[in-house]
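> below are the sequence and a predicted model; questions follow.
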Amino acid sequence: MLTVWSYGKFVKCIKKYKITNNLKDTIMTKRKNPLRKSKKLSGYLFIPLLMILMLGLFTTQCKEDDYDGEIIGICPLVIETDPADEAVKVPLNKMITATFNEKMNPATINTSSYILMEGTNSISGTVTQSSDKDATFNFTPKSPLKPSTLYTATMKSGVRDPMGNALQKDHVWSFTTIGRYTVALSSSPEEGGTTTGEGTYDADAAVTIKAVAADGYNFANWTEGTDIVSTDAEYKFTITKNRTLVANFTTIKYTVALSSNPKEGGTTTGEGTYDSGDEVTVEAVPTTGYTFTNWTEGTDIVSTDAEYKFTITKNRTLVANFTTIKYTVALSSNPKEGGTTTGEGTYNSGDEVTVKAVAKAGYTFKNWTEGTNIVSTNAAYKFTITKNRTLVANFEADIVQFNVALSSNPLNGGTTSGQGMYDSGAEVTVKAVAKTEHW
């Protein structure tokens, strides 16, 4: 606001919208002259004074005043910043803006007058005007800002509006960037499963991490150091610090149950509890008189090998099946006509077997033989069968003796020899010897 004398009149000049060097843009309003006592002075003396004052208006800097309605013709001021002074948790990719109370000369606002500092380090960036008619200027850092770091922005004094009016003093504001925290994940054991959610997050961000168990494993819990922080495979939390989390997995345990059919048919080994994925060997050993047939699970035959190997992925209930060994008993008579035999046939190993020999008339049972060995002298031979048997029932013909009686006729005519008992069919020789004196 300017007060001047013109033609002896007291005049108040109010700049309207813009200042130019053309006096026609100046509105002159009359006011009472407080110096009416000097009215004798000629108005012409003040014309040079008016010109000097008007020149000063255009050549001197602006001065701050309290006239709220003024836009042009007052000092430039930064009226808003983004981030605001002392703002916290500012994003790392934030573009810094400063808004003036009027349109500014963009040529005066650059990286030398609009600066961003981290401590004593200057931050590289570019300065742009939001639009040609905008009073907002942007500072865009070349690289993302550092987390949890205090930055100071400065709009330097000397930046000017289109009329050359300058910012009277540096406008300085500070802000702190948001914290960034890392989430590091691992699996124990490593082959137990996989994890997702590892990475870097803004402070107070909602984080979800997941653990997926591999085949043969169950998820147990999440631990941080020695502390169990969650038993949920999907763990959610708000991040306020760096986190190092371990997804713990346990192997699934499976059982192998074994039995024998029939129970006395044999024994089994390999029953027990195993970790999922273990190589398991079960074995069936038949007892005497039995042979191994197969392994079954339910109604399914799973192996015909007495030693059965498999990778366990579930509980198993296995049955070792055994069958009794079959043995034959072959019988014959010697001599054939000497008698008959009974008990020939096929038997289960371990069976009690009785074979019998019955002599025919004229024969008597002698013994049972197997090969060259006499195995029994009893016509009814009992034994437990553990192998094939070939048995011979031996018979002897009954012995019939005849008496050979001799005599001499006349009694004193001679002697005889050969008299006696002889087996039937035996060769007999008898002799007669005459007395010589008789003849």
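Sure thing, it's come through.

> report pLDDT for the residue nearest in space to the middle of the chain.
Among the residues of the chain, Gly193 comes closest to the average C-alpha position under C-alpha atoms, centre = their mean, at 1.4 Å. Here the pLDDT value assigned to Gly193 is 97.

> which residue, neighbours along the chain excluded, lies closest to it?
Across the structure, with C-beta to C-beta, 6 or more residues apart in numbering as the measure, the residue nearest Gly193 apart from its sequence neighbours is Ala213 (4.3 Å). Glycine gets a C-beta too; all of them are placed from N, C-alpha and C.

> contacts only, for that neighbour.
Contacts here follow C-beta atoms under 8 Å, 6 or more residues apart in numbering; on that basis Ala213 touches 192-193, 219, 233, 249.

> strands of the stretch 101-250 of the chain, start to end?
Ranges of strands in the stretch 101-250 of the chain, per DSSP state E, counting those that start in this stretch, are 114-118, 121-122, 125-129, 136-141, 150-155, 171-177, 180-188, 193-196, 199-202, 206-213, 217-224, 227-230, 234-238, 243-251.

> want to try a markdown table for those, with distance to Lys263 as columns?
Supplementary listing: these in a markdown table, determined by distance: least, C-beta to C-beta, whole Å:
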| stretch | distance to Lys263 |
| --- | --- |
| strand 114-118 | 84 |
| strand 121-122 | 86 |
| strand 125-129 | 88 |
| strand 136-141 | 83 |
| strand 150-155 | 83 |
| strand 171-177 | 78 |
| strand 180-188 | 45 |
| strand 193-196 | 43 |
| strand 199-202 | 61 |
| strand 206-213 | 40 |
| strand 217-224 | 36 |
| strand 227-230 | 47 |
| strand 234-238 | 50 |
| strand 243-251 | 33 |
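
> where does Glu337 land in three-state SS?
Three states are possible here, and by DSSP: H, G, I helix; E, B strand; the rest coil the one that applies to Glu337 is helix.

> count of residues packed around the residue lying closest to it once chain neighbours are set aside?
For Glu337, ignoring the flanking residues on the chain, the nearest one in space by C-beta to C-beta, 6+ apart is Lys360 at 6.5 Å. Neighbour count for Lys360, taken as other C-beta atoms under 10 Å: 16.

> what sits against Lys360?
Taking C-beta under 8 Å, 6+ apart, we find Lys360 in contact with 337-340, 395.

> please repeat the previous calculation with a cut-off of 10 Å.
With contacts defined as C-beta atoms under 10 Å, 6 or more residues apart in numbering, Lys360 is in contact with 333, 335-340, 395, 397-398.

> what's the pLDDT at it?
Value for Lys360, per-residue pLDDT: 95.

> backbone dihedrals for it, both of them.
Backbone dihedrals for Lys360, given as degrees, to the nearest 10, come out at phi -80, psi 170.

> list the contacts for the residue nearest to Pro147 when sequence neighbours are not counted?
Spatial nearest neighbour of Pro147, excluding adjacent residues (C-beta to C-beta, 6+ apart): Arg180 at 3.5 Å. Residues touching Arg180, when contacts are defined by C-beta under 10 Å, 6+ apart, comprise 92, 144, 146-148, 200-203, 205, 239, 242.

> quick one: buried ones out of these?
Judged by neighbour count, with 16 or more other C-beta atoms under 10 Å as the criterion, the buried members of the contacts of Arg180 are 92, 147, 201, 203, 205, 239.

> nearest residue to the fifth one in space, ignoring adjacent ones along the chain?
In this case it means Ala205. When the adjacent residues along the chain are set aside, Ala205 lies closest to Ile239, with 5.5 Å between them (C-beta to C-beta, 6+ apart).

> distance check, the one you found against Thr200.
10 Å (C-beta to C-beta, to the nearest Å).

> give me the common contacts of these two.
Overlap of the contact sets of Ile239 and Thr200 (by C-beta under 10 Å, 6+ apart) consists of 180-183.

> element containing Val358?
Using DSSP states H and E, the element containing Val358 is strand 352-359.

> just Ala284 next, same as before
With elements taken from DSSP H and E, the one containing Ala284 is strand 279-286.

> list of residues touching that strand?
Among residues not part of strand 279-286, those counted as contacts by C-beta under 10 Å, 6+ apart are 254, 256, 258, 260, 265-272, 274, 290, 292-295, 303, 305-312, 316, 318-325.

> quick one: it to chain centroid distance?
How far strand 279-286 lies from its chain's middle: 31 Å, per C-alpha atoms, centre = their mean, to the nearest Å.

> buried residues in the next helix or strand after that strand, which are they?
Note on strand 279-286: by DSSP H and E, the next helix or strand toward the C-terminus is strand 290-297. Within strand 290-297, the residues that qualify as buried are 290, 292-296, counting by 16+ other C-beta under 10 Å.

> what's the burial count for the closest residue to Ile123 other than its chain neighbours?
Distances taken as C-beta to C-beta, 6+ apart place Leu116 nearest to Ile123, at 4.2 Å, with adjacent residues excluded. Neighbour count of Leu116, defined by other C-beta under 10 Å: 21.

> how about Thr195?
As a measure of burial, Thr195 has 20 neighbours, counting by other C-beta under 10 Å.

> how far off centre is stretch 228-247?
17 Å.

> only C-alpha atoms, please: export it in CSV.
Included here for stretch 228-247 are C-alpha records, laid out as CSV according to Å, rounded to 0.1, in the frame of the first residue of the first chain:
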residue,chain,number,x,y,z
ILE,A,228,7.0,-70.8,19.3
VAL,A,229,5.1,-67.9,17.7
SER,A,230,2.4,-69.8,16.0
THR,A,231,1.1,-73.3,15.4
ASP,A,232,-0.9,-72.2,12.3
ALA,A,233,0.7,-73.0,9.0
GLU,A,234,-0.7,-69.6,7.8
TYR,A,235,0.7,-67.1,10.2
LYS,A,236,-0.5,-63.4,10.1
PHE,A,237,1.1,-60.5,11.9
THR,A,238,1.8,-56.8,11.8
ILE,A,239,5.4,-56.2,11.2
THR,A,240,7.3,-53.8,13.6
LYS,A,241,10.8,-55.3,13.4
ASN,A,242,12.9,-57.7,11.4
ARG,A,243,11.7,-61.3,11.7
THR,A,244,13.6,-64.5,11.3
LEU,A,245,11.1,-67.4,11.3
VAL,A,246,11.5,-71.1,11.0
ALA,A,247,8.7,-73.4,9.8
